[in-house]
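Asker: heads up, no residue letters with this:
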């Protein structure tokens, strides 16, 4: 999408909108299904272009069941996408929500307005905004000297997963050169950091979903200026991006990345105050080094966050939410 249309990458934005959407509260669950649905990866591109035609004409079941006003807007966006789509564009595996987001951005040219519109449409509980509005992709440097471009190759599991430790991550501009001066954080997320009651470095693919958001210029400074609890919630289970790393290694990476923006003299508790861990070491791919975490200057909170026996272990959402509210309160 980014390469074909010259717009910001929309996949993570769409997935956050879907994750924060209150599906049960939606008057029309068909909107949620449409926005979440992907074209199959096994179909031919010719067949998928036919399916796109059905969508833009409103003849697909996912569109025909939408309320009239939503259907009109949806078909108009899909028609616009169809008009702008390059002849060689590959629809296999494409998210229909991504198609709509790209079309809306091409029409509106204001990413924040587009995200606000879709957030209202899907009854999102929260605010989804990009840290930067720039057509960039990610480049990972591995410990053995190899370089891996593109998020989907950095984070993939199974065959082709990382087999060496990732040591650095960079933003690469549209001309395929590393940005020597990273793009600056957008005003909207900077203002939200400045007003936050708590800042959380959350679960998710460690480099491409967490560290990636710390790359733009000004993010570290915005975080350092806000004197509130700053909490890291590490992944349970196995994150392929944390190959060869434990939680203490991850904390060091967060601190190093933030200090690139604000300098090495900044105090640790201006950047990170707490690490929240489950009481079971087995919940993590590498056992947490508690002594090293404390030497780094962060407070370690160990609580029963994982409920029941699951593979992989998953943190209970309600328990974590209550804890974060308590810390932030």
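Answerer: Great, that's in hand. Since the structure is predicted, the reported quantities are computational estimates derived from the model, not experimental observations.
Asker: Helix or strand: which one has residue 256?
Answerer: Residue 256 is part of helix 247-262, with elements assigned from DSSP states H and E.
Asker: With residue 141 instead?
Answerer: Using DSSP H and E, residue 141 sits in strand 137-142.
Asker: After that strand, which helix or strand is next?
Answerer: Assignment by DSSP H and E places the next element after strand 137-142 at strand 147-149.
Asker: which residues touch that following strand?
Answerer: Strand 147-149 has contacts (CB atoms under 8 Å, 6 or more residues apart in numbering) with 137-142, 154, 162, 172. (Each C-beta comes from the backbone N, C-alpha and C, glycine too.)
Asker: and it, which strands flank it?
Answerer: strand 137-142 (antiparallel) (DSSP bridges).
Asker: For the residue lying closest to residue 91 once chain neighbours are set aside, give me its contacts.
Answerer: Leaving out its chain neighbours, the residue that sits closest to residue 91 by CB to CB, 6 or more residues apart in numbering is residue 48, at 4.0 Å. Shown in contact with residue 48 (CB under 8 Å, 6+ apart): 39-40, 91-92, 94.
Asker: try 7 Å this time
Answerer: Listed by CB atoms under 7 Å, 6 or more residues apart in numbering, the contact set of residue 48 reads 39, 91-92.
Asker: repeat for residue 38
Answerer: By CB under 7 Å, 6+ apart, the contact list for residue 38 reads 93-95.
Asker: Can I get those in CSV including neighbour count?
Answerer: As requested, the contacts of residue 38 are arranged in CSV below (neighbours: other CB atoms under 10 Å):
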residue, neighbour count
93, 12
94, 20
95, 19
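Asker: Would you mind giving the residues you listed as TSV with secondary structure and distance to residue 290 added?
Answerer: Output for these, formatted as TSV (DSSP: H, G, I helix; E, B strand; the rest coil; distance: CB to CB, whole Å):
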residue	secondary structure	distance to residue 290
93	coil	41
94	coil	44
95	strand	40
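Asker: Pick the one among these closest to residue 123.
Answerer: Nearest to residue 123 out of the contacts of residue 38 is residue 95 (CB to CB; 19.0 Å).
Asker: pretty sure the closest one contacts residue 14?
Answerer: Yes. Residue 95 is within contact range of residue 14, at 6.1 Å (criterion: CB atoms under 7 Å).
Asker: Quick one: classify the residue of the chain most remote from its centre as helix, strand or coil.
Answerer: In the chain, the residue that sits farthest from the middle, by CA atoms, centre = their mean, is residue 59; the gap is 32.2 Å. Of the three states, residue 59 takes coil according to DSSP: H, G, I helix; E, B strand; the rest coil.
Asker: how near is it to residue 52?
Answerer: 11 Å (CB to CB, to the nearest Å).
Asker: just residue 137 next, same as before
Answerer: For residue 137 relative to residue 52 (CB to CB), the value is 25 Å.
Asker: residues touching residue 226, list them.
Answerer: Residue 226 is in contact with 193-194, 196, 199, counting by CB under 7 Å, 6+ apart.
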